[in-house]
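Q: Below: sequence and its predicted model.
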Amino acid sequence: MKTSLKVLAKNGCENTTIATLAAEAGVSRGILHYYFSNTEDLVSKVLEYTSEKIIQSTIKDIRGKTVEEITNNIINDSIMSFKEYPEFYVFLFEMWCASRRSDKIKNELLICSDKVTQSIKKVLDEAIQNGLLQLDTKNTDEMAKILLALFNGIAFEKFMRPSRDLDDRKYWIQVRNMISSYLKPH
């Protein structure tokens, strides 16, 4: 799966075949055909596997004891994710493009997005229940979607502008202010 992610991020879906993936992974094409009916099936499984891995490794650490800590953890975990899994975000945008042509990939991408949204929503709901956030729980689903869109946009910008310094404090101060203003009571 890791090799497939790297190859798909580098070559894109349309320039990747089972034969290419088998050669890169050092396995026979027959093995891949045994587990995956075609490239579209393999791509969907790579998306499912990698998105689950990213969710498990990043979302778990965004809890906090104050609005500021939650905000900082959201930002720090996103930065870590961008640095640790750069191929995933290239692959994710490739999947968005491929989802326009493949219902199977589109469905898997929607499932991935829903899982991330629900994971973020769960953290926000817990913070509300613990009295850390003064939000209406009816709004946490939308807030989770907004946060996902914000960080996917930041990842896309990093992908388009590789020279973007993820440690640039001026940039993140603006992101922090935006998130904090939404999470703090009005």
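A: Everything's here; your move. Numbering: from 1, shown residues only.
Q: Let me have the least confident helix or strand in the chain by mean pLDDT in PDB, keeping just the CA atoms, if that works.
A: In the chain, no helix or strand scores lower on mean pLDDT, DSSP states H and E than helix 39-58, which sits at a mean of 84. C-alpha atoms of helix 39-58 as PDB (Å, rounded to 0.1, in the frame of the first residue of the first chain):
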ATOM      1  CA  THR A  39      -6.400  -0.300 -11.000                       C
ATOM      2  CA  GLU A  40      -9.500   1.500  -9.900                       C
ATOM      3  CA  ASP A  41     -10.100  -1.200  -7.200                       C
ATOM      4  CA  LEU A  42      -6.500  -0.900  -6.000                       C
ATOM      5  CA  VAL A  43      -6.700   2.900  -5.900                       C
ATOM      6  CA  SER A  44      -9.900   2.800  -3.800                       C
ATOM      7  CA  LYS A  45      -8.200   0.400  -1.400                       C
ATOM      8  CA  VAL A  46      -5.100   2.600  -1.200                       C
ATOM      9  CA  LEU A  47      -7.300   5.600  -0.400                       C
ATOM     10  CA  GLU A  48      -9.200   3.600   2.300                       C
ATOM     11  CA  TYR A  49      -6.000   2.300   3.900                       C
ATOM     12  CA  THR A  50      -4.000   5.500   3.900                       C
ATOM     13  CA  SER A  51      -6.900   7.800   5.000                       C
ATOM     14  CA  GLU A  52      -7.600   5.500   7.900                       C
ATOM     15  CA  LYS A  53      -3.900   5.500   8.900                       C
ATOM     16  CA  ILE A  54      -3.800   9.300   8.700                       C
ATOM     17  CA  ILE A  55      -7.000   9.700  10.700                       C
ATOM     18  CA  GLN A  56      -5.700   7.400  13.400                       C
ATOM     19  CA  SER A  57      -2.300   9.100  13.700                       C
ATOM     20  CA  THR A  58      -3.400  12.800  13.600                       C
END
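Q: in it, what's buried?
A: Across helix 39-58, burial judged by 16 or more other CB atoms under 10 Å covers 39-44, 46-48, 50-51, 54-55, 58. Quick note: C-beta positions are derived from backbone N, CA and C, even for glycine.
Q: Could you dump those residues into a markdown table with distance to Ile70 added?
A: Listed next are those as a markdown table, based on distance: CB to CB, whole Å:
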| residue | distance to Ile70 |
| --- | --- |
| Thr39 | 40 |
| Glu40 | 38 |
| Asp41 | 38 |
| Leu42 | 37 |
| Val43 | 34 |
| Ser44 | 33 |
| Val46 | 31 |
| Leu47 | 28 |
| Glu48 | 28 |
| Thr50 | 26 |
| Ser51 | 23 |
| Ile54 | 19 |
| Ile55 | 17 |
| Thr58 | 14 |
